[in-house]
Structures are given as C-alpha cells and as structure tokens.
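Asks: Starting from these lines, generate the structure:
(2 chains)
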Amino acid sequence: MVSLQLDRVEARYGRKVIYADVSTPPLPGGSLTALVGPNAAGKSTLFRRIAGQLAGAGEVRLSGTDKASLRYMPQDTGMNAALSVYESVILSLKQGRGGWRLTEDELHAVDEILQLLKIEALAGKQLAELSGGQRQLVSIGQTLVSQPRVILLDEPTSALDLYRQYEVLEVLRAYVERTGAVAILALHDLNQVMRVCTTTIAVANGRIVATGPTLEVLRPALIRELYGIEARVETCSRGCPMMIVDGAP
Amino acid sequence: MSTQDTAIPASAAHPYHRLVLRRLVVLGGLALLLILSVAIDISVGPTQYPLADVLRTILWPGEAGVQMRVVVWDIRMPVALMAVTVGGCLSLAGAQMQTILANPLASPFTLGLSAAASFGAALAMVMGVALFPGALTLMVPANAFLLAMAASLLVFGLSSMRGVTVETIVLLGIALVFTFNALLALLQYFASEQALAAVVFWTMGSLTKATWPKVFITGAILILCTPLFARRAWALTAIRLGETRAAAMGVPVRRLRFETLMLVSLLAAVPVSFVGTIGFIGIVGPHIARLLLGEDQRFFLPGSILAGALILSATSVLSKVLLPGASLPIGIITALVGVPFFATLIFTHGRRQW
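Replies: Predicted coordinates for the structure are as follows:
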C-alpha cells in the first residue's frame, strides 16, 4: 500500500519560511485526503513542497512508490499554448518517457482518460478555446493520464458546476480505490470533504492544525479557528454528515 | 480505469494519426517551397537564368559552362543558402525565446542581442576597435558576436537570479535595446561620412557578403542546436502550459530556460555578426509555424526553421526583383513586405494562441 508522510518538513520561498517543522502521520493510499484551510493559509505552498518545487528541511516520505510517480495539479488553469486538448494530455504522459513516437498503449491511455472524464468531445479543441471548467477537467486528465501513485490536486473542482464536481470527485475516489494511490485534494467545500474524503489535514498560517479522520477534524471549534465562523455538523435524514453554517460569531 | 474499449477508435483511423499526417504534409510543403525559393533565388540576378539551367548546373556542375558554374556555385549559391541558414537560425532562436519567455514578441531583437551586435560592429567600423585582439580581419563580425554574446550572458546572469520572472527578462531586454541604440547613435554622431555609411548599411542587414565559410558556420550552428532542442521537445512544449504546470510535470524549468537561452544566443549572435541586423524573421517565422502546426515542438521546431528559411529566401528574391539592377538591403524588405503579411495572418486567425 502506498502512503505519504511529512516528517518535520519546512517550506520556504527563498529565505522566507512559510512552513517550519510540520509533520503528519502516514497518509494512507486507497482513499481521498482533504487539505482544508482559509485562503492564503499555505495549501498550495505545502503541495509545492511535497512535489519538490520548493526547498526546505525535513523529509517527505513516500512508501510503496517513488517521486517519479507523483503528479501535482496546480490551481492555475491558464493554459494558452497552441495545443489541442488531446496533445496537452499526451504531453503530460510523455514527460520523462522520451521518444517522439507514440505507442498504441500511450494513445489508448489518453483516450481512456478523456472518456473517463467525459471530455472526449473536446479532444480536438484548442486549449485557448476552453471554458474555465473545461480547462480544469483537462488539467485533471493531464494529472491522471500517467497513472500516478501520489496525486496532489489544488482545488480540482473550483471551476466546475455541481454535477461535474460530483462526477470528478467520484472518478477520483474510484481511481484511488482501484490503484491504492494517495490523493490529497485542496477543497473549500467542507460538505464535499465530508462526503468523499476519509482523512483531512487542516492548515492555517503555516501550521498544520489538525490531521485525522475527517469527521474528527471538522469540528465546530476548528471551523471557528480556521474560518472565523460558527458551524455545526448534523446528520441528514439519510444519515450523511452535513455542515450547517450559523454565521459569524 | 474505464473499460469502454469499444468506444475507442481503431488505431489506424485514430484522429491523432491523421493530425500527425496532416502536419507532416505541411512540413513537406514548406520544405518544397523552400527548395523552389532557393532555386529561384539562384536564377534571379543581373543576368536571369532559366530554372532548368540552374538545376542542371547544381546537379551536374561539370557539364555547365564556366561562367554559369561560377555565377551559380561561387556567387549566387552562397547568398541563397545564407538566406536559408540565417533565416532558420533566427527563426529557431525566436521560436525558443517565445517558448521559454511566454511572450509572443520575444526574439533575438527583444533581448537586445541584435542591438548589442550592431554596436559591436559600429565600434569596429567607426573607432577601429577590435574586441578580439587577434581578429583584425574579422573585426566587424567578431565584435558583433562578442557583444551579442555579452548581452546574452548579462541576460542569463540576471535570469538565473532568484525571483526574476520572464517579464523582468523581457523588460531587461528592452532596456538593453535602448542602451545599445543610444551608444550606436553616439558613435554615428562622431563617425566619418564613410564609416557612417558602412554602419548604416550594416544595420540594414545584407546577404551580399555571404561566402561558403559563413554558410558552413551558420549551417553548423543550426545543425548543432536543432537536435539539442529536439531532445527536449516534450519539456519545451510543456513550458508553454506555464511554469508551475511544467514544473508539476517534472520539467526542470530553470535549468531548461538557462540552457535554451544559451543555445538561442549562439543561434542569434552568429548570423547577426555575419549579415547584420535582419529583424522580423525571429518573430514572424515562429508565428507562421505556430499557426500552421501548433506548438508541439516535434512539429513546431522544424516548422519554425523552415518558415524562417523560406521567408528570408523569398525576401532575398524580392530584394533583387523589386528594383531591377540593384539589390536592396534584405532587412528593409523583411519589414516592408513581412509586416503587412504578418498583420493579415494575425487578424485572420485572431489571438487564439496567445
């Protein structure tokens, strides 16, 4: 089984330290992990540190896989290259593989991922012609096409409509259940988090304030600390947990 | 993952294979047009030769008359091939600058390389200063090359500093352009009439002083750099998706940008030192390639070289036929003819790619 653990990790931009000495227990593969926190809490910074894009002391421990199988989807969806959707997904698949020719297996992998995300109709479209939501789906396709064992997705559903949000999260859940991959998703919708993520990491001001099972982390006191609002978790008539926001304290 | 295999198109008819085939046809078409243009360039001049005779002299020089052989092989062919190698070099340099700087206006001129080269050449022509002490006979190109490389190294040094963005690099390039242009103007102010004329002619760009050694050198630079870019084709294409995204795909962005800038400097500095300032090719060549082939470097790279070579070769023909009996400086023609053509392309295709 794949797992990821942060051990006394530091993250910094130049000399400016954003995270100092943060650790987590091993985050298990096979289920989704949420990364929550207010805007500018350092979620993207933590992702970039885990992905190896930022320097810092400490260790990002991967078990059952290596760094080559880690894929990070940044929040930015600004893609204006003169490439079609299909080409952009190929591009992601071919990084590090080399060779100018595409094998039938590689083409098959691209076809499959486009079908999985139901964007095969966009295959021939230029990136610049896509809507924000479509770009986000293509980004997810670029991230998943190489079948990574560790996935970091920075707000993967922020530009999607409700139906697409549901669909993408289900695709991701099915993917990690099937492959045993570790997937950490930065999400703002805490109801979505409670619905699909087994584990949650909460961050604020360059600190990890809590890590653990989602329903144990997302308690009213922590919501107040993170977001400055009063909220409670109730159980709906079908037995699902849901967050109700009461307002500012 | 999904098991809907039946919906996946059969490989032979896969749309991607058709796309690749279409692009190969476009590349083949550009190559054919280039060969035709070179042949016309050789046939056109003070004495016009039929294309068939030119081709016969190229293929079987021993069977041609002495005069025809000398004109074709020793006088016109170096110029025609210089247009190809210089056009290819400048266009490839522009293509990769636009790629790594994410800026459609990036070219050897944007970063001040050409302005630096012009100042170096003027130093030799006006002041008789040889920056390479041993290169007195090649003082003008040697000075031009040295200053173009110095400008590049300055840009490299600053671009490798932490926190420097692509916008900063482009702004620095513009500052260099203004600085070297001002220094050039100062030299021109104090220059003798004869030196002034030489400087002005040099800054207009001309292929007329092309020789076989210059063709071989510029050709060698192009042949040397192309595979180095080709090896990084996927990484260079990924950079066009944005730095963060490319880095997320595992592309070593900073190192790639630095290596590319090094190669680009060589590609730009050498031709400029031989033929003077030929603007516009470094911008329009890559744009034509982008419009025809997209930005997958496997096609964009050869497409940019062919487009740049074709434009400069066609311009070389125009420079000889526009004013019968005279050969206009090619730098003037590239701008006069190229700009309207380029504007038409841009307005026809909109701003889809940028």
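Asks: now the strands for chain A?
Replies: A:3-7, A:9-13, A:16-22, A:27-28, A:32-36, A:59-63, A:70-73, A:150-154, A:182-186, A:197-204, A:207-213, A:230-235, A:241-247 (DSSP state E).
Asks: Next, the buried residues of the last one.
Replies: Which is strand A:241-247. By neighbour count with 16 or more other Cβ atoms under 10 Å in any protein chain shown, strand A:241-247 contains the buried residues residue A:243. (Glycine included, C-beta is placed from N, CA and C.)
Asks: ok, now the first one?
Replies: Applying a neighbour-count criterion of 16+ other Cβ under 10 Å, one finds A:3, A:4, A:5, A:6 buried in strand A:3-7.
Asks: So which of these is the closest to chain B?
Replies: Closest approach between these and chain B, by Cβ to the nearest Cβ: residue A:4, at 16.2 Å.
Asks: where does the chain have low pLDDT?
Replies: Since you didn't name a chain, this refers to chain A. The model of chain A has pLDDT under 70 over residues A:77-78.
Asks: not what I meant, chain B
Replies: Ranges of chain B meeting pLDDT under 70: B:1-12, B:135-136, B:160, B:162, B:345-346, B:348-354.
Asks: From the centroid of it, which residue is nearest?
Replies: Chain B has residue B:90 as the residue nearest its centroid, 1.2 Å off, counting by Cα atoms, centre = their mean.
Asks: Could you list the contact residues of the stretch 151-300 of chain B toward chain A?
Replies: Contact residues (Cβ under 8 Å from any Cβ of the partner chain) of the stretch 151-300 of chain B with chain A: B:162-163, B:230, B:233-235, B:237-238, B:240-242, B:244-245, B:247-251, B:290-291, B:294-296, B:298.
Asks: What's the biggest helix in the chain, counting residues?
Replies: Just going to use chain A. helix A:162-179 (DSSP state H).
Asks: if you could check chain B rather than the one you did, that'd help
Replies: Scanning chain B for the longest helix, with DSSP H as the assignment, gives helix B:15-43.
Asks: roughly how far out does it sit from the chain middle?
Replies: Centroid separation for helix B:15-43 versus its chain: 18 Å, with Cα atoms, centre = their mean, to the nearest Å.
Asks: tell me which residues in that helix are buried?
Replies: B:16, B:19-20, B:23, B:26-27, B:30, B:33-34, B:37-43.
Asks: which residue ranges form the helices in the stretch 101-250 of chain B?
Replies: B:113-122, B:139-159, B:166-190, B:193-204, B:212-231, B:233-239, B:243-248 (DSSP state H, counting those that start in this stretch).
Asks: Pick the most deeply packed of these.
Replies: helix B:113-122 (a mean of 30; mean count of other Cβ atoms under 10 Å in any protein chain shown).
Asks: Could you report the separation of residue A:84 from residue B:104?
Replies: Distance from residue A:84 to residue B:104, counting by Cβ to Cβ, to the nearest Å: 19 Å.
Asks: Of these two, which one has the most company?
Replies: Legend: neighbour count by other Cβ atoms under 10 Å in any protein chain shown for residue A:84 and residue B:104, higher for residue A:84 (21 against 15).
Asks: Show me what the residue nearest to the spatial centre of chain A is bridged to.
Replies: Nearest to the geometric centre of chain A sits residue A:153, at 2.0 Å (Cα atoms, centre = their mean). Residue A:153 has these beta-bridge partners by DSSP bridges: residue A:73, residue A:185.
Asks: Next, give phi and psi for residue B:211.
Replies: Main-chain torsions, residue B:211, degrees, to the nearest 10: phi -130, psi 170.
Asks: burial of it, as a residue count?
Replies: Applying other Cβ under 10 Å, we find 13 residues neighbouring residue B:211.
Asks: Excluding chain neighbours, what is closest to it?
Replies: Spatial nearest neighbour of residue B:211, excluding adjacent residues (Cβ to Cβ, 6 or more residues apart in numbering or on different chains): residue B:78 at 5.6 Å.
Asks: How about the contacts made by that neighbour?
Replies: Residues in contact with residue B:78 (Cβ atoms under 8 Å, 6 or more residues apart in numbering or on different chains) are B:210, B:211, B:212, B:214, B:215.
Asks: closest to chain A among those residues?
Replies: residue B:215 (28.7 Å).
Asks: Not counting residues beside it along the chain, what's closest to the closest one?
Replies: Leaving out its chain neighbours, the residue that sits closest to residue B:215 by Cβ to Cβ, 6+ apart is residue B:81, at 4.8 Å.
Asks: what angle do the helix or strand that contains the one you found and helix B:166-190 make?
Replies: According to DSSP states H and E, residue B:81 maps onto helix B:77-101. If you take axes from the mean of the first three to the mean of the last three Cα atoms, to 10 degrees, helix B:77-101 sits at 140 degrees to helix B:166-190.
Asks: Next, the contact list for residue A:51, please.
Replies: A:70, A:72, A:152, B:247, B:248.
Asks: if you set the cut-off to 6 Å instead, what comes out?
Replies: Counting by Cβ atoms under 6 Å, 6 or more residues apart in numbering or on different chains, residue A:51 touches residue A:72.
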